[in-house]
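**Student:** dropping the sequence and predicted coords here.
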Amino acid sequence: MDLYSTLSRTVEPLVTRNPGRVYLFVCGPTVYDYSHLGHARTYIVFDVLAKYLRWTGLEVFYLQNITDVDDKIINRAKEEGVPQSVLARTFEAAYLRDMRSLGIDAVSYHARATTHIPEILSQAERLLGRGAAYVTEAGVYFDVSTFERNGELSGQHGTDRISRVTGEGKRTPLDFVLWKFGEFGEYTWDSPWGRGRPGWHIEDTAVTEKYFGQQYDIHGGGLDLIFPHHEAEIAQMESMEGKHPMVRYWMHTGFLTVEGKKMSKSLGNFITVRDALKTWNKDVLRYYILLSHYRSPLQATEEGIAHAARALEHIRAAAKKDAGEDREGRKAFIDAMESDLNTPMALAAVQKLAANGDIGALKEFGEILGINFLREASVPIRVLQEIRAELRAKKQFEVSDMIRERMTAAGITVTDPSL
Ligand SMILES: [Zn+2]
């Protein structure tokens, strides 16, 4: 498979560090609010990537962190008058529920920041030991000037990008916090340098080092995370042991805008996953999102989603009779996926597979994309099938056969699993 890496700015063949295994990490949510369509896009893309890689026979360890300690969580918990842990667990559960509703189920393990404090402290300690970090009154900071490759991922060097005042006793404005001193209520821990809580960037490297080691294959996330978040992750991890690159394939999903504008609560165009699912089902939403290449910006419109819904209905209507394997169509699908996860091309191949009646491929590829391309049995038919299964289990074959004959006469295909 070929993948574009933000680090090399080229499409490269995927060569994993361990033959047959892929270590994939994608930045997870900060659990202080509901997930929106932008999150849905990123997590659907990496869900499809993991499922496709598994389909090719690779073993994929897909790790995602949960940021459950953060200023946003502390502030929201204060506003709501609930403990931080209650707020974080509530929105973590909502996140997991939303993802399940979208058919996103490829993540192997979710790692909470708050259960990895010893790993975080160990990294801060090693960075201090290497002279890559320093302690101020406000906390432990990473010294960006000690890291030569800083700016390689974003392609932007120098400190001119940051207008913020230095403050907090930092040596340069780009330096970022590894451990912030203070009493933050429930989520405050002791450290050798003072009580406090972790910075954001170090959560990710702490969990990836624990489960993957110091170098791994793919790191994913939204485009907006390249700077400073991902740049900081590289600086931390590579400064710790001197191993380069921490990650070879950096994959970033493009921005999602709604009706031409960046999603924001004040503009009223902030679409949560749970609201979107009230109007559209997960098949339509996934189809719609995968109609754009993951690196392209996506301008979500009501019209666009309705168009996707109609296209999906077309495929389902076309996929009626099973005409066997469509080799060319299958190859076109795989070629598209191999080519930097080109899902719009893969969906074009799906349309052909439907037109040519390759039901087997539609089922198989539908599982990779998380989309049901075959018309689902209606409720009455499902009920009849359930009743027949029950009758057969009780060995009342006469009645179950009668139902099958009537269903067959009505043009409904009935297959029984062998007893
Ligand atoms: Zn992250």
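**Tutor:** Good, I have the coordinates.
**Student:** now do the SS call for V82.
**Tutor:** Classification of V82 by DSSP: H, G, I helix; E, B strand; the rest coil places it in coil.
**Student:** got the contact list for stretch 79-90?
**Tutor:** The set of residues external to stretch 79-90 that reach it, using C-beta atoms under 8 Å, 6 or more residues apart in numbering, is 31-32, 68-69, 73-74, 76-77, 114, 184-187. In short, each C-beta sits where N, CA and C put it, glycine included.
**Student:** now tabulate those residues in TSV and tack on neighbour count and distance to K320.
**Tutor:** Conversion of those to TSV gives the following (neighbours: other C-beta atoms under 10 Å; distance: C-beta to C-beta, whole Å):
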residue	neighbour count	distance to K320
V31	27	44
Y32	21	47
D68	24	48
V69	26	53
I73	22	51
I74	19	56
R76	18	50
A77	20	54
T114	19	52
F184	18	60
G185	13	60
E186	13	58
Y187	21	56
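**Student:** from these, which land in strands?
**Tutor:** Of those, none are assigned to strands by DSSP state E.
**Student:** restrict these to those near the ion?
**Tutor:** Within the set of the contacts of stretch 79-90, contact with the ion (C-beta under 5 Å from the ion) is found for no member.
**Student:** and these, which is closest to K262?
**Tutor:** Each of these was checked against K262 using C-beta to C-beta; the closest is Y32, at 19.1 Å.
**Student:** the closest one against I73, yeah?
**Tutor:** Yes: Y32 sits in contact with I73 when judged by C-beta atoms under 8 Å, with a separation of 4.6 Å.
**Student:** the helix or strand of the chain with the lowest mean pLDDT: how far from the chain's middle?
**Tutor:** For the chain, the helix or strand with the lowest mean confidence is strand 261-262, at a mean of 80 (criterion: mean pLDDT, DSSP states H and E). Computed by C-alpha atoms, centre = their mean, to the nearest Å, the chain-centroid distance of strand 261-262 equals 21 Å.
**Student:** neighbouring contacts of that strand?
**Tutor:** The list of residues contacting strand 261-262 from outside it, by C-beta under 8 Å, 6+ apart, reads F255, L267, N269.
**Student:** buried ones among the residues you listed?
**Tutor:** With burial judged by 16 or more other C-beta atoms under 10 Å, the buried subset of these is F255, N269.
**Student:** distance of the residue lying closest to F147 once chain neighbours are set aside relative to the ion?
**Tutor:** Spatial nearest neighbour of F147, chain neighbours left out: A235 (4.4 Å); criterion: C-beta to C-beta, 6 or more residues apart in numbering. In this structure, A235 and the ion are separated by 14 Å, where distance is defined by C-beta to the ion, to the nearest Å.
**Student:** nearest to the ion, of the contacts of strand 261-262?
**Tutor:** When those are compared for distance to the ion (C-beta to the ion), F255 wins out at 17.0 Å.
**Student:** returning to that earlier point: tell me the pLDDT at the residue nearest to F147?
**Tutor:** Listed pLDDT for A235 reads 96.
**Student:** could you measure from the residue lying closest to G155 once chain neighbours are set aside over to K265?
**Tutor:** With C-beta to C-beta, 6+ apart as the measure, R9 is the residue that lies nearest to G155, at 7.8 Å, once sequence neighbours are left out. Look at R9 and K265: by C-beta to C-beta, to the nearest Å, they are 34 Å apart.
**Student:** next one: E125
**Tutor:** As judged by C-beta to C-beta, E125 and K265 stand 39 Å apart.
**Student:** of these two, who's got more company?
**Tutor:** Under the criterion of other C-beta atoms under 10 Å, the comparison of E125 against K265 puts E125 first, with 17 against 9.
**Student:** you'd agree the more buried one is up against P192?
**Tutor:** Yes: counting by C-beta under 8 Å, E125 does reach P192; the two are 6.9 Å apart.
**Student:** what count of nearby residues applies to the closest residue to the ion within the chain?
**Tutor:** Ranked by C-beta to the ion, the top residue of the chain for proximity to the ion is C27, at 3.0 Å. The tally of other residues near C27 (other C-beta under 10 Å) stands at 21.
**Student:** my guess is it meets V207, correct?
**Tutor:** No: using C-beta under 8 Å, C27 and V207 do not qualify as a contacting pair, with a distance of 10.7 Å.
**Student:** which residues in the stretch 51-200 of the chain form helices?
**Tutor:** Taking DSSP state H, counting those that start in this stretch as the criterion, the stretch 51-200 of the chain contains helices spanning 71-80, 84-101, 117-129.
**Student:** in CSV, list those helices along with mean pLDDT.
**Tutor:** Output for the helices of the stretch 51-200 of the chain, formatted as CSV (pLDDT from 0 to 100):
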stretch, mean pLDDT
helix 71-80, 94
helix 84-101, 97
helix 117-129, 98
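**Student:** what pLDDT does E302 get?
**Tutor:** Reported pLDDT at E302 in the predicted model: 89.
**Student:** for it, what are its contacts?
**Tutor:** E302 makes contacts with E259, as judged by C-beta under 8 Å, 6+ apart.
**Student:** what about it? Give its phi and psi, please.
**Tutor:** Taking degrees, to the nearest 10, you get phi -50, psi -50 for the backbone angles of E302.
**Student:** separation between it and N269?
**Tutor:** Here E302 is placed at a distance of 11 Å from N269 (C-beta to C-beta).
**Student:** now swap in R100 and tell me
**Tutor:** According to C-beta to C-beta, R100 and N269 sit 25 Å apart.
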